[in-house]
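Asks: Test case, fold it:
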Amino acid sequence: MLTFILRAMLLSFVFVLVTPAVAAPGDLEFRQGISAFKAGQFDKAISSFKLARQKGKKSSALTYNLGVCYYKTRQYEKAQLEFSQLLSDQQFRQLAQYNLGLVSQEQGHKQTAIDWFNQAADKHGDRKITALANRMLEKYAPRKNKRGISGLLSAGYGHDSNVTLASTGSPTQQADNYIQLFGFITIPAGPVIINASLYQQDYRSINSADFLQLSAGVLYPIDTHGWTVTPSAYLAKDTLNGNDFLTVTDVRLSADKLLAAHSTLQLRYRYSDISADSTIYNYLQGHRQQLRAQYTNLTDFGQLRLRYELELNDRQNMSTANYSPTRHTLLARLKQRLDNWQFKEQVSWRKSHYGEAAGITRDDNRLQLALAADTKLGEDWRAGAQYEYTDNNSNLSSETYTRNDVRAYLNYLF
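Replies: Below you'll find the model as predicted:
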C-alpha cells in the first residue's frame, strides 16, 4: 500500500478525533489503536480496534483502519471483509475498491484485481486514487501489438565537456558534441523472452571515443514462492571507432519480489566473460562479477529507487596499469509524473580500488548527479533532455576530473 494508505488513514484519525465533543463508548480503545499503529504494532492495533467495536463504536473510519491493519499483517481475507463493508459508503467507496484490488493482487487473483482497479479508476473520483488505480492497470494492460512485441527507439544529440575513453575509462580533457542512438526490442517466445539492443555514440571530432554495442539475450522467468526468478544469458559485441573491441558473454540470475502494493525488492547476480577482439585490448580480457540489491517504492514524492552494487574484476591488466577494480556503488533515484511530464533526479556514489601496478595502487571516488525531464508528444512519442554531472576524485592526478554532459532526445515506444 503503503505510504499513501498510511497518509489517508491518519487523515481519517484526525477527522474522528476532533469531531466528537464528548467521548463515546469505544473512543479510548480507538485512540489506543491509533497509537499502536503509529508505533508499528499492528497486532496490538487490531486488538484495540476490535475492542472499540465490541464496546459499541461504529464508524467507517474504524472499519477502514482495521482493514489496513489486517492488510499489513497479511490477513488478506479479513482485510477483504472489512473493505467490502465500505462499498456502500460514498466517502470511502473508491479507496475501498482500490484496496480490494491490492488484496486480490496479493491473493494471486489477477482478474479480480483488474476488476477492482477498473472500478477505482473513476475519473470523477479522487484524482490521486484514480492515478494509483490506473498505474496498477498499466501493469496488467496488454501491449497493442498482438504478438506482445515491445521496444524503444531513441535518438539524441548532446555535448560532453570531458570525453572519457571506453578503452581505459580515463578523461581526454577535451569537449565534443555527439549523436547517440539507442534501441531495444523484446519478443515473447513461449516460456522465454528474447531481447536485442543497439547502443551507438558518435563524436564529432574525438573519433577514438566512438562506441557501438550490439547485444542479444534470452530470459526465462519463473514464478516461485512469491518471487520471480529469471535466469538469462546475453552476448554483446563492442566496437571502437569502427574497429573490433570486445566480446562480452553474460550469465545473469535475478530474483524479484513484491513486498507490498508499490514496493519491490530485486536481487541480481551477473557474471561476464570478457574477450578482446583485437590484441591491443588484451589487458581488458578476463571476467567481471556484479552483485546488486535494489529496492523500489512508490512514495508521496514519486517512485523511489535505492540500489547497492558490488563489482569484482579479474582482468589481464598491464604491467604499468591495473584494470581490475573492486567497486562499491550506491544509487538513489526519484521519478515523478505530472500530467504528460516525467521528471527524474538521480545521485550515485562509486568507490573503486585498483590493485597494484608498477608499485602504484589507485583509489577513486566518483559522484554523479543527473536531472532529466521528458514529455509526451503523442501516443507513442516522448521528447526530453538530461543533464549529468560527474566529479571523479583519484589519488592519481591524471584520473581526477569533472564532467558535464547535456543531451536532448526523442523516443518512440512501440
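
Asks: Show me the helices in the stretch 201-350 of the chain, by range?
Replies: With DSSP state H, counting those that start in this stretch as the criterion, the stretch 201-350 of the chain has no helices.

Asks: got the residue ranges for the strands in it?
Replies: In the stretch 201-350 of the chain, the segments counted as strands under DSSP state E, counting those that start in this stretch are 211-219, 222-224, 227-240, 243-260, 263-276, 286-299, 302-315, 326-338, 341-357.

Asks: could I get those strands as TSV with distance to Asp363, mean pLDDT and mean neighbour count?
Replies: (Glycine included, C-beta is placed from N, CA and C.) As requested, those are exported to TSV (distance: least, CB to CB, whole Å; pLDDT from 0 to 100; neighbours: other CB atoms under 10 Å):
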stretch	distance to Asp363	mean pLDDT	mean neighbour count
strand 211-219	26	98	16
strand 222-224	40	89	10
strand 227-240	27	96	16
strand 243-260	25	93	16
strand 263-276	23	95	16
strand 286-299	19	93	16
strand 302-315	15	95	16
strand 326-338	10	94	15
strand 341-357	5	96	16
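
Asks: which stretch among the ones you listed comes nearest Ile114?
Replies: Closest to Ile114 of the strands of the stretch 201-350 of the chain, according to CB to CB: strand 243-260, at 15.8 Å.

Asks: Give me the residues contacting the closest one.
Replies: For strand 243-260, the surrounding residues in contact (CB atoms under 8 Å, 6 or more residues apart in numbering) are 1-2, 166-167, 211, 217, 226-239, 264-278, 281, 284.

Asks: Taking their axis directions, that strand and strand 263-276 sit at what angle?
Replies: Between the axes of strand 243-260 and strand 263-276, defined by axes from the mean of the first three to the mean of the last three CA atoms, to 10 degrees, the angle is 160 degrees.

Asks: so what strands line up beside strand 243-260?
Replies: strand 227-240 (antiparallel), strand 263-276 (antiparallel) (DSSP bridges).

Asks: mind exporting that strand as CSV, just the C-alpha atoms?
Replies: The C-alpha trace of strand 243-260 is given here as CSV (Å, rounded to 0.1, in the frame of the first residue of the first chain):
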residue,chain,number,x,y,z
ASN,A,243,37.2,-1.4,-35.1
ASP,A,244,36.8,-4.7,-33.2
PHE,A,245,36.9,-4.1,-29.4
LEU,A,246,35.4,-6.6,-27.0
THR,A,247,33.0,-9.6,-26.9
VAL,A,248,31.2,-10.0,-23.7
THR,A,249,29.2,-13.1,-22.7
ASP,A,250,26.9,-12.6,-19.7
VAL,A,251,25.1,-15.1,-17.4
ARG,A,252,22.6,-13.4,-15.1
LEU,A,253,20.3,-14.5,-12.3
SER,A,254,17.7,-12.1,-10.9
ALA,A,255,15.0,-12.5,-8.3
ASP,A,256,12.2,-10.0,-7.8
LYS,A,257,9.6,-10.0,-5.0
LEU,A,258,6.6,-7.7,-4.5
LEU,A,259,6.9,-6.7,-0.8
ALA,A,260,3.7,-4.6,-0.9
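
Asks: Take the strands of the stretch 201-350 of the chain and lay them out in JSON lines including distance to Gln91.
Replies: Output for these, formatted as JSON lines (distance: least, CB to CB, whole Å):
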{"stretch": "strand 211-219", "distance to Gln91": "45"}
{"stretch": "strand 222-224", "distance to Gln91": "37"}
{"stretch": "strand 227-240", "distance to Gln91": "37"}
{"stretch": "strand 243-260", "distance to Gln91": "24"}
{"stretch": "strand 263-276", "distance to Gln91": "27"}
{"stretch": "strand 286-299", "distance to Gln91": "24"}
{"stretch": "strand 302-315", "distance to Gln91": "27"}
{"stretch": "strand 326-338", "distance to Gln91": "26"}
{"stretch": "strand 341-357", "distance to Gln91": "31"}
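
Asks: So which bits of stretch 175-195 are buried?
Replies: For stretch 175-195, a neighbour-count test (16 or more other CB atoms under 10 Å) marks Asp176, Tyr178, Gln180, Phe182, Gly183, Ile185, Thr186, Ile193, Asn195 as buried.

Asks: These in helices, which ones?
Replies: With DSSP state H as the criterion, helices contain none of the buried residues of stretch 175-195.

Asks: ok now stretch 254-263, how far from the chain's centre?
Replies: Relative to the centre of its chain, stretch 254-263 is centred 11 Å away, using CA atoms, centre = their mean, to the nearest Å.

Asks: Begin at 736, not 1, for the rest of this chat.
Replies: Got it, first residue is 736 now, which makes that one stretch 989-998.

Asks: about what we covered before: of the strands of the stretch 936-1085 of the chain, which is nearest Tyr805?
Replies: strand 978-995 (13.7 Å).

Asks: do you know which of the strands of the stretch 936-1085 of the chain lies nearest Arg809?
Replies: Evaluated over these, closeness to Arg809 peaks at strand 978-995, with 10.0 Å, by CB to CB.

Asks: got the angle for the closest one vs strand 1021-1034?
Replies: Going by the same axes, to 10 degrees, strand 978-995 makes 40 degrees with strand 1021-1034.

Asks: Report the inter-axis angle for strand 978-995 versus strand 946-954.
Replies: 50 degrees.

Asks: can you list the weak-confidence ranges in the stretch 836-985 of the chain?
Replies: 858, 876-882 (pLDDT under 70).
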